[in-house]
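>>> Got a sequence here, can you build the structure:
(one chain, ligands or ions: 1)
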Amino acid sequence: MKLIKSIIIIIFASIIFLIMTCINTYPERANSFEILGYNNEDINLLKNKFTDAEIRFIINNRIMKRKLFPYLELSYFSLTEIHAYESIRVKQNVSHLTAVNLKNHPHIMDNFYLKINNALNLQQNLILVNKNYRLSADYIPDNLVYTKDIPLLIDDKNRYYLQIDVYNALKALFTEALKHNLTLILSNGYRSYEKQAKIYEFYKINALNADAFSARAGHSEHQTGLALDLTSESASYLLTKEFENTKEGIFIKDHAHYFGFIVRYPKDKSHLTGYDYEPWHLRYVGIEVAKIIFEKKLTLEEYLLYYTEMPLT
Ligand SMILES: [Zn+2]
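Here you go, the predicted model:
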């Protein structure tokens, strides 16, 4: 009799335990999702996208749907970094996209030459080369052409190569300038790593603050074949800030973006680019992007941060 009584108690306790387990675990988990703002459809989406461990991370860290969901479309978003993105987003009042970009690329516009990474977006119009994003010594764009049909400053064939799209866009820009009775002259195009190393060394020895106007080897946009320097007779054939006030310089400032170019180192943005104002240095980015950069008065770095998903490396 005692034994039967014991067995009944054990069975009864087991049933109670099972019921309690069901009530406590599964409904609690569903309930947790509900408290965090997720409906059944959202839960399915999370289960498809994340591992069990990541789902636990969402629940344990009480990550609300309204916080998480705006990030889900972003390729370089990492769930475990969400608190860092949110901190950047709120403190700097930026979009979710920009918060992820800034977390992944915190020194795109500061700590010059101290936080060096590989150049981003290789072989694309939006390649990023600056003081913290570097090209390798053997990087040579694969579609360089000699810019034979436009006015060139001197007789030095090595100075006048550009990527073919850039050359065609520049020819169109020069043709438009001629319609305004303005003659532009190409001063520099593509420059190799080795040549940039020599130029920088020269300025480092012979000038003050070389970094304000000359790039270290691997850090020059001229190595991309997308950048070029312009001059004119009115600017005494020099690369000078006076170019800004010449008819040719004014034309460039107002029209270059229609042909896919931006003035890469604008006035009043030296703190972001690390370079003095260079009204003569153009960078090809394509017409669509150049228009936005022009209209919103951005640097290339700002454009990349605000409008693109920047790859990690
Ligand atoms: Zn230049």
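>>> mind listing what I250 touches?
By CB atoms under 8 Å, 6 or more residues apart in numbering, the contact list for I250 reads E244. Every C-beta, even on glycine, is put in place using the N, C-alpha and C of the backbone.
>>> ugh, wrong one, Q92
Contacts of Q92 (CB under 8 Å, 6+ apart): T98, A99, L102.
>>> pLDDT wise, what is L18 at?
Predicted confidence (pLDDT) for L18: 54.
>>> ditto for K5
With respect to pLDDT, K5 scores 74.
>>> Specify the local secondary structure of it.
Classification of K5 using DSSP: H, G, I helix; E, B strand; the rest coil returns helix.
>>> Tell me how far it lies from the ion.
Distance, K5 to the ion, by CB to the ion, to the nearest Å: 94 Å.
>>> Next, the contact list for that residue, please.
Per CB under 8 Å, 6+ apart, neighbours of K5: none.
>>> just to revisit the earlier point, out of the contacts of Q92, who's nearest I82?
Comparing these against I82 with CB to CB places A99 closest, at 9.7 Å.
>>> Under a three-state scheme, what state does the closest one occupy?
Here A99 is helix, with the state taken from three-state DSSP.
>>> What degree of burial does the residue nearest to it when sequence neighbours are not counted show, as a neighbour count?
Closest residue to A99 apart from its sequence neighbours, by CB to CB, 6 or more residues apart in numbering: R89 at 3.8 Å. By the criterion of other CB atoms under 10 Å, R89 has 21 neighbours.
>>> Now do P27, the pLDDT please.
pLDDT recorded at P27 is 51.
>>> Is the ion within reach of the helix or strand that contains L186?
Element membership of L186, judged by DSSP states H and E, is strand 185-188. No: using CB under 5 Å from the ion, strand 185-188 stays clear of the ion, coming no nearer than 5.8 Å.
>>> what sits up against that strand?
With contacts defined as CB under 8 Å, 6+ apart, strand 185-188 is touched by 147, 150-153, 159-160, 170, 222, 228-233, 237, 239, 280.
>>> low-scoring stretches of the chain, by residue?
1-3, 6-8, 10-30 (pLDDT under 70).
>>> mind checking the backbone torsions on the residue of it found nearest the ion?
Nearest residue of the chain to the ion, counting by CB to the ion: H281, 3.7 Å away. The phi/psi pair for H281 (degrees, to the nearest 10) reads phi -90, psi 110.
>>> What of the one 3 residues further on?
Main-chain dihedrals, Y284, degrees, to the nearest 10: phi -80, psi 130.
>>> correct me, but it touches Q163?
Yes: using CB atoms under 8 Å, Y284 makes contact with Q163 at a distance of 7.4 Å.
>>> Just want to know which of the two has more residues nearby.
When neighbours are counted by other CB under 10 Å, Y284 and Q163 differ, and Y284 comes out ahead with 27 against 22.
>>> need the contact list for the more buried one.
Contacts of Y284 (CB under 8 Å, 6+ apart): N125, Q163, D165, V166, A169, L226, A227, G260, F261.
>>> From these, which land in strands?
Judged by DSSP state E, strands contain the following of these: Q163, A227, F261.
>>> Please name the bridge partners of the second one.
The bridge-partner assignment for A227, based on DSSP bridges, gives R283.
>>> Isn't it up against R283?
Yes: contact criterion CB under 8 Å: A227 and R283 qualify, at 4.8 Å.
>>> Give the intersection of the neighbour lists for those two.
Overlap of the contact sets of A227 and R283 (by CB under 8 Å, 6+ apart) consists of E221, R264.
>>> in stretch 110-124, what's buried?
The neighbour-count check on stretch 110-124 (16 or more other CB atoms under 10 Å) flags F112, A119, L120 as buried.
>>> Mutual contacts of Y284 and Q163, please.
The contact sets of Y284 and Q163 overlap at L226 (CB under 8 Å, 6+ apart).
>>> so who does the nearest residue to F69 once chain neighbours are set aside touch?
Nearest residue to F69, sequence neighbours excluded (CB to CB, 6+ apart): D42, at 7.7 Å. The neighbours of D42, taking CB under 8 Å, 6+ apart as the test, are F33, K65, F69.
>>> returning to what we had before: now for the residue of the chain closest to the ion, how many residues are close by?
Residues lying near H281 (other CB under 10 Å) number 23.
>>> residues contacting it?
Contacts of H281 by CB under 8 Å, 6+ apart are E221, A227, L228, D229, L239, V263, R264, Y265.
>>> Fine, thanks again, bye for now.
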